[in-house]
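Peer 1: Structure of the sequence below:
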Amino acid sequence: MTRPDESKDKASFELSDEELKKIVAEADTGGRKPTGFTAQLLLMVALAWSLFQLWIASPLPFSLGVFVFNDTESRAIHLAFAIFLAFAAYPALKRSPRDYVPVQDWVLAAVAAFCAAYLFLFYKELAERPGTPTDMDLAAAVVGMLLLLEAARRALGLPMVILAAVFLVYIFFGPYMPDVIAHRGASLAKGMSHMWLTTEGVFGVAVGVSTSFIFLFVLFGALLETAGAGAYFIKSAIALLGHMRGGPAKAAVVASASTGLISGSSIANVVTTGTFTIPLMKSVGYRADKAAAVEVASSVNGQIMPPVMGAAAFLMVEYVGITYVQVMKHAILPALISYIALYYIVHLEALKMNLQGLPRRESLPWQRAMISTTLTVSGLVILSAIIYWGFGWLKTVFGESTFIVIGLLMLGAYVALVRYAANFPELHMEKPDEKMEYLPEIGPTLKAGLHFLLPVAALIWNLMVEQLSPALSAFWATLFLMFILVTQRPLFALFRRTGDVGAAAKQGFSDLFSGLVTGARNMIGIAIATATAGIIVGTVTLTGIGLAMTELVEVLSGGNLMIMLILVAIICLVLGMGLPTTANYIVVSTLMAPVIVELGAQTGLLVPLIAVHMFVFYFGLMADVTPPVGLASYAAAGIAKSEPMLTGLTAFSYSARTAILPFMFIFNTQLLLIGIDNTFQLILTIITATLASMMFAAATQGYFITKSRLHESALLLLVTFTLFRPGFWMDMMYPPYDEIPPTELTRLVEEAPRNGNLRVWVEGMNLEGQDISKGVLLPLGNKAEKASERLGAMGLTVMTLGDQVQVGAVRFGSQAEKLGLEQGYSITAIEIPSGERPAKEWMFIPAFILLGLVYAMQKPRQRRAEAERAAT
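Peer 2: Numbering: from 1, shown residues only. The predicted structure is shown next:
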């Protein structure tokens, strides 16, 4: 029997469309909506920021020799724009006015912008007195730091501010800390000049990446959304997948993955796709909290999907020391199998509840349905493959002229696709309260927006074929997208003969203006987050707390590798609570990645640095769905009219498949496409990893082809483990490595394949006077004629003295330094894969046999269940 006030309780969880927009605005772009001159001024400032970022990314400053800014000056101007807009766009308190900017906020905005731009305004003067700040310098640093924390409180919430404040206190009160983390402390002059007047703290690598890369990709996403690509992705996913069992939920997963390609915000992703997909999921029978949880899990997973990865991809380039294309290559398989597992979870939920999809107006043969599903789920990978292998040969044929040839081809393709799309109705998103009786037709829906794929294709071309920098790649792709925004409406008006081309062109320029402003507004929180996270980075470089964290985890774990990894995962979860993706990654990678590198090296866990950074990134990101913090869950619950805490818990259970991936790829780096020697091994890795993630989903959901018994779920977990990490069982039977003397180093380096790795063990005394004995995985990169050239490329010089090999020099900022190598270390041993050990992939055979056994046990029960359903 239901309670009389139950409907009232449910209504209290419902959020209106206006309230949902307010959540996104207050989290991503600022909650204020002033009118009149104030509104115009803020729009102009946001527009100026976007134009400034496009200017410094373009080749024009260097070609014309005007308005050339170095990295430090660019970072200062970037943060000045961000902090000015933060005070103007984000109200101080809940009761603060939303329709105008109070005088005190104007004052704070102006002072904060001055302090942020201090490095730019007085660049020459500061260069003449390094390390000796004046009273004016210190005043700007102290006031700027306080105002940055206040801007972070407004834009990001208290968790980020509290974390930054704790680290600032640690700088100045080091001698009073517990012995395990105590340090000498720093004076006000030393601490604040380090944080504000150098590029070691607030204006460090994180803000540098925000200035160089992140802004352009966020702007690219905003322009793509303004052009209508978001609606196109969502409608296409619904049209292709909505007819299946639980089809709207499967479409929500794919739509969120597509939106995640261009979005840096899980909250915006939830609201953009969720207002459409959550009501559809409920209409076919999904419980409200499950419908909301599917949207939350898939939207948050958008942050692990290349190319943007919540802006963390660009930070990884700097922190790990590899190219952007390599980061995307390593990240793509875990992201895809995580989405496939979520797709499978919603399929299992549909099977449990015997849910059906939405009807089509036209029938679709199963072969076409299968092809459509594959193309939808793997669209980005397929598009990248077509561009790289289908058109990459043009680079060889046309050489220096390729850029012009591709530009002309893109222009021709754009006009042709718009003319083709003009034959089909324009796409419009239905309102959330409108019931969808039939799915959109596949053909017209897909054909109505094919031109939206061209800017993405241009981005992929620049990155993969032209091999331009991420910033320059995004710049050219963004210019193309700006051209599309201005011209698509006039071209549609011309081809459809529907109205005044001039009016359409005017609307196109209005769309461009709106996209440029939205891109800048979307960047406010990210820029403030990277600057605030710079406080944590600066604290680590100033105090050496990273070593203290390593010692703390080592003591707590007792030297046990698995306990150490679990502790790191838990700490990342705690550190990540309430932090946006970008700041989240900076914090966990700065504090916890060195812990895994150092402690792992002592226990024989030698993995590429990218695997370590992906590990901490995944667990930091899991905090986004971990109750009680999680605005994405709150927004989705508001759309679904479900209880927010229950939604968060359900979303967390769906995200468990993402949580096991880091443990798997830290032990089996083939999941990151590292150490794969041939095409067969690549295909086998992809198939088995995908199957493993699906079996984990089946085990945790308690349903395979029918409801699982406890022992069947246990067997499915065993299958999952074996498919993810087959080497674990093989290591028990055969030693994985043979040890050879260090004098063989030169030969092994010269013979190693391109992008190969070499396991070496080193001993010595570090700069802190501690005796070190650990393993290091040397990334060897491209082949070279001499070993010295190949080692030199990673910043390492070695000397052979008789039967001993020593580290002669380590280049500052190089990969060798990031791996913890120091001058004077001795290389004591080298390990190479054992030649007598069978391939670990043989362990897949018993895993498949075990999976077949579970299938055989469940099949009779499935038949009985189907017969009972048919009878009733």
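
Peer 1: Can you list the residue ranges for strands in this protein?
Peer 2: Assigned strands in the chain, in chain order: 737-740, 757-765, 771-779, 796-801, 804-810, 826-833 (criterion: DSSP state E).

Peer 1: okay, those in TSV with mean pLDDT, distance to residue 53 and mean neighbour count next?
Peer 2: The way it works is simple: take the backbone N, C-alpha and C, and place the C-beta from them, glycine included. Converted to TSV, those look like this (pLDDT from 0 to 100; distance: least, CB to CB, whole Å; neighbours: other CB atoms under 10 Å):
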stretch	mean pLDDT	distance to residue 53	mean neighbour count
strand 737-740	87	48	14
strand 757-765	89	37	18
strand 771-779	85	32	18
strand 796-801	88	36	15
strand 804-810	89	35	18
strand 826-833	88	45	17
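
Peer 1: of all the ones you listed, which lies closest to residue 58?
Peer 2: For residue 58, the closest of the strands of the chain is strand 771-779, at 32.7 Å, according to CB to CB.

Peer 1: so who does the residue positioned nearest the centre of the chain touch?
Peer 2: Residue closest to the mean C-alpha point of the chain, counted by CA atoms, centre = their mean, is residue 309 at 1.9 Å. Each residue near residue 309 by CB atoms under 8 Å, 6 or more residues apart in numbering is listed here: 303, 316, 327, 331, 581.

Peer 1: Can you measure across stretch 219-236, start residue to end residue?
Peer 2: This stretch, stretch 219-236, spans 23 Å end to end (CA to CA, to the nearest Å).

Peer 1: tell me the average confidence for the longest helix anywhere in the chain?
Peer 2: In the chain, taking DSSP state H as the definition, the longest helix is helix 501-543. Predicted confidence along helix 501-543 averages 90 (mean pLDDT).

Peer 1: now do stretch 250-267
Peer 2: Here the average pLDDT along stretch 250-267 is 69.

Peer 1: now do stretch 480-488
Peer 2: Here stretch 480-488 scores 94 as its mean pLDDT.

Peer 1: now it, how far from the chain's geometric center?
Peer 2: Taking CA atoms, centre = their mean, to the nearest Å, one finds stretch 480-488 lying 27 Å from the centre of the chain it belongs to.

Peer 1: Adjust the sequence numbering to begin at 31 for everything that follows.
Peer 2: Yes, from this point I'll number from 31; that puts the last item at stretch 510-518.

Peer 1: And for it, what's in contact with it?
Peer 2: The contact list for stretch 510-518 (CB under 8 Å, 6+ apart) reads 250, 253-254, 256-257, 440, 444, 448, 481, 484-485, 488, 535, 538-539, 541-542, 545.

Peer 1: Kindly write the PyMOL command that selects the buried subset of the residues you listed.
Peer 2: A single PyMOL command is used to select the members of those judged buried by 16 or more other CB atoms under 10 Å:
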select buried, resi 250+253+254+256+257+440+444+448+481+484+485+488+535+538+541+542+545
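
Peer 1: Check residue 199 and give its pLDDT.
Peer 2: 93.

Peer 1: what's the answer for residue 710, then?
Peer 2: 89.

Peer 1: That one: neighbour count?
Peer 2: Using other CB atoms under 10 Å, residue 710 is surrounded by 10 other residues.

Peer 1: Please apply the same query to residue 158.
Peer 2: For residue 158, using other CB under 10 Å, the count is 8.

Peer 1: Also residue 847?
Peer 2: Residue 847 has 16 neighbouring residues, counting by other CB under 10 Å.

Peer 1: what about it, distance to residue 627?
Peer 2: Distance, residue 847 to residue 627, using CB to CB, to the nearest Å: 12 Å.

Peer 1: One more: residue 714?
Peer 2: Noted for residue 714: a distance of 29 Å to residue 627, by CB to CB.

Peer 1: Look at those two and report which has more neighbours.
Peer 2: Of the pair residue 714 and residue 627, residue 627 is the one with more neighbours under other CB under 10 Å, namely 22 against 15.

Peer 1: What is the nearest of the contacts of residue 339 to residue 527?
Peer 2: residue 333 (43.4 Å).

Peer 1: So what's the residue count around the closest residue to residue 558 other than its chain neighbours?
Peer 2: Of all residues not flanking residue 558 in the chain, residue 185 sits nearest, at 4.8 Å (CB to CB, 6 or more residues apart in numbering). For residue 185, the neighbour count with other CB under 10 Å is 28.

Peer 1: before we move on, what about residue 594?
Peer 2: If you count neighbours by other CB under 10 Å, residue 594 ends up with 23.

Peer 1: Confirm for me that it is in contact with residue 583.
Peer 2: Yes. Counting by CB atoms under 8 Å, residue 594 touches residue 583, with 5.9 Å between them.

Peer 1: Could you tell me which residues touch both of those two?
Peer 2: In contact with both residue 594 and residue 583: 625, 629, using CB under 8 Å, 6+ apart.

Peer 1: Quick check: which ranges of the stretch 631-780 of the chain have low pLDDT?
Peer 2: 654, 656-661 (pLDDT under 70).

Peer 1: let's go with 90 and repeat that
Peer 2: 631-639, 645-701, 703-712, 716, 720, 727, 730-732, 735-736, 757-758, 760-780 (pLDDT under 90).

Peer 1: ok, which stretches of it are helices?
Peer 2: 639-652, 661-670, 674-684, 686-697, 709-731, 740-754, 757-763, 775-781 (DSSP state H, counting those that start in this stretch).
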